[in-house]
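Colleague: Pasting the sequence and the predicted coordinates here, then a few questions.
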Amino acid sequence: MIRLTAVFLAAVAAAPLALSAQEVVPIRAEDQARLDGLNAAAGEALRQVLGQGDSQQIADAIRALRGAAQAADGESLAALAGDWSCRMTKLGGNLPAVSYPPFRCRFAAMERVMTFEKLTGSQRTRGFLRRDGARVVYLGSTFVQGEEPKAYEDFPETVDLSAGETLPDVGVLEITGPGSARILFPRPYRESVLNVLTLTR
């Protein structure tokens, strides 16, 4: 057992910056289902945008989703560190699409964990990145300005949606260029079918 523990700790120490220290945090079953249903959520949201949206809403959806995802290796993930301009576009659900003005967001490398936080706006999120198979996922807490976010690992398996706005937040990170990325949030608990947070700098 001592040898296995030593091997595990050595592997963690040698792992790429930003991801390994939180690999042991389990993804809630409900959140794993949301992540696994990303493509279905995107398809449903886009059907609503294209079928019911006006020209501006369709343009907002195209802008949010434009750009192919690139390989997210250790170097490209480490390069995320710093401040970004971020813009939230909500697709499907209450409205075909709604896009908000730019906000401030930040990635930060802390003790080999890459954290992420939306710093401005009434609706915020704070959490960290980790790998889920071939994907890089975001696990965090969505909350409103003035509330204290909860650590992702402290959320119970079943959350009470009537207890407040601090809820588990999950998404898939896609790097689309040296100064551009997005986080796709499938099936958020409020309002929409797919949230797309586009990041530029």
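Modeller: That came through, no problem.
Colleague: From now on I want contacts and neighbour counts done on CA atoms only, so please keep to that.
Modeller: OK.
Colleague: Phi, psi for residue 32 please.
Modeller: Per-residue torsions, residue 32: phi -60, psi -40 (degrees, to the nearest 10).
Colleague: how near is it to residue 104?
Modeller: Between residue 32 and residue 104 the computed distance is 27 Å (CA to CA, to the nearest Å).
Colleague: Kindly report the same for residue 134.
Modeller: 28 Å.
Colleague: what's the answer for residue 38, then?
Modeller: 25 Å.
Colleague: Those two - which one has more neighbours?
Modeller: residue 38 (19 against 15; other CA atoms under 10 Å).
Colleague: Is the more buried one in contact with residue 193, as I believe?
Modeller: No. Counting by CA atoms under 8 Å, residue 193 is not a contact partner of residue 38; they are 9.8 Å apart.
Colleague: which neighbours do these two share?
Modeller: Both residue 38 and residue 193 are in contact with residue 186, where contact means CA atoms under 8 Å, 6 or more residues apart in numbering.
Colleague: Might you list the low-confidence residue ranges for this structure?
Modeller: Applying pLDDT under 70 to the chain flags the ranges 1-23.
Colleague: what comes up buried for the longest helix seen in it?
Modeller: For the chain, the helix with the greatest residue count under DSSP state H is helix 38-52. Residues of helix 38-52 classed as buried: 38, 41-42, 44-46, 48-49 (neighbour count, 16 or more other CA atoms under 10 Å).
Colleague: Sticking with residue 104, tell me its helix or strand.
Modeller: Residue 104 belongs to strand 103-110 when assigned by DSSP states H and E.
Colleague: got a list of what residue 37 touches?
Modeller: residue 186.
Colleague: Check whether the nearest residue to residue 50 once chain neighbours are set aside sits in a helix, strand or coil.
Modeller: Nearest residue to residue 50 in three dimensions, chain neighbours excluded: residue 58, at 6.4 Å (CA to CA, 6 or more residues apart in numbering). Assigned by DSSP: H, G, I helix; E, B strand; the rest coil, the conformation of residue 58 is helix.
Colleague: gap between residue 58 and residue 68?
Modeller: The value you get for residue 58 to residue 68, if CA to CA is used, is 18 Å.
Colleague: Alright, I will stop here.
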